[in-house]
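>>> Model the structure of this input:
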Amino acid sequence: MKRAAILPQPQLDDLAPSPRGGGRKPSQARGRARVEALLDVVELMMAESDIEQIGYYDIVSRAKMSPASVYHFLPTKRSIFEALASRYFKDFIDKTGRPVELDAPEKWQSLVETSIEQGVSYYNAHPPAMRLILGAHPFLEIRLADNAANIKISSDFYRKMEDYYVLPHIPNVEIRYLTALSIGDAVCRASYNLNNYITAEFAAEAKRAVVAYYRTFLPEHLERRRSRSVVAASRVDCVGESG
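Below is the predicted model:
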């Protein structure tokens, strides 16, 4: 069965620092380790100071590195924070994109709510990520990378739901799933701006808002596909028979 059209998905490399921020991606393990160590330091500094108060040379000095050793990779403060945001986007996609469980929840609403819970848990466990993704700052390129990440996350979630349930034809499906994600993000952003984290009350509101939006184009009940364990077993049997 042919899948519905999805917005072109960005690759994870598309979430990396842009040319505007400067720098180049390290090709050797030593250079990658240096960049990762520098980003670890930035995370610690963000827990102590506002972004505006953190300077490029403050970061390099705190990391006990020479400016020349990181300049080729991260030549500006902007490029450092873009690299940190990129690391968060990739980590967020990896952790929240994992299967919820072997078999689909009985109700699609539960799958949506669990997805939101995963996102809220990630944000609250990573305050610097909340600041860069949900908070206010002057880095436009991070906003653009966030848009690209949202396209991938919403597309991945559509595919996950399609794997779990028999979905009806949904016009403009890619726009609708992206809109659902954006609604949840907006509620989380409001909570962060008010409380510096996502409260349980706002998390519950995000669930209600997103599920309500999904109900505008999904029926209340969706037929579940066969157990994924059964599907996996049948694939193994087919391989054995072909041998």
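
>>> Which helix runs longest in this protein?
Identified as the longest helix of the chain according to DSSP state H is helix 140-164.

>>> Tell me which other helices or strands it touches.
Using 3 or more C-beta pairs under 8 Å, 6 or more residues apart in numbering; DSSP states H and E as the contact criterion, the elements in contact with helix 140-164 are helix 77-96, helix 108-125, helix 127-133, helix 173-195. Any C-beta I mention is one placed from the backbone N, CA and C, and that applies to glycine too.

>>> any idea how far the third one is from the chain center?
Centre-to-centre, helix 127-133 and its host chain are 12 Å apart (C-alpha atoms, centre = their mean, to the nearest Å).

>>> could we number from 13 for the rest of this?
With 13 as the first residue, the last one maps to helix 139-145.

>>> what does that helix contact?
54-55, 58-59, 63, 93, 96-97, 100-101, 104, 134-136, 149, 151, 154, 158, 204, 208-210 (C-beta atoms under 8 Å, 6 or more residues apart in numbering).

>>> Buried only: go through the residues you listed for me.
In terms of neighbour count (16 or more other C-beta atoms under 10 Å), the buried residues within the contacts of helix 139-145 are 54, 58, 63, 93, 96-97, 100-101, 104, 134-136, 151, 154, 158, 204, 210.

>>> In this structure, where is pLDDT below threshold?
Confidence mapping of the chain against pLDDT under 70 gives the ranges 13-36, 39, 110-115, 238-255.

>>> cutoff 90 now
Across the chain, the ranges flagged by pLDDT under 90 are 13-44, 46, 59, 80-84, 106-117, 148-153, 237-255.

>>> Going by neighbour count, which residues in stretch 221-228 are buried?
Here stretch 221-228 shows 221-223, 225-226 as buried, counting by 16+ other C-beta under 10 Å.

>>> next one: stretch 88-99
Using 16+ other C-beta under 10 Å, the residues of stretch 88-99 that count as buried are 89-99.

>>> just stretch 184-199 next, same as before
Neighbour counts over stretch 184-199 (16+ other C-beta under 10 Å) mark 185-186, 188-193, 195-197, 199 as buried.

>>> who touches it?
With contact meaning C-beta under 8 Å, 6+ apart, stretch 184-199 is reached by 16-19, 124, 128, 131, 146, 162-163, 165-167, 169-170, 182, 214, 217-218, 221-222, 225-226, 229.

>>> Report the buried members of these.
Looking at the contacts of stretch 184-199 with 16+ other C-beta under 10 Å, the buried ones turn out to be 16, 18-19, 124, 128, 131, 146, 162-163, 165-167, 169-170, 214, 217-218, 221-222, 225-226, 229.
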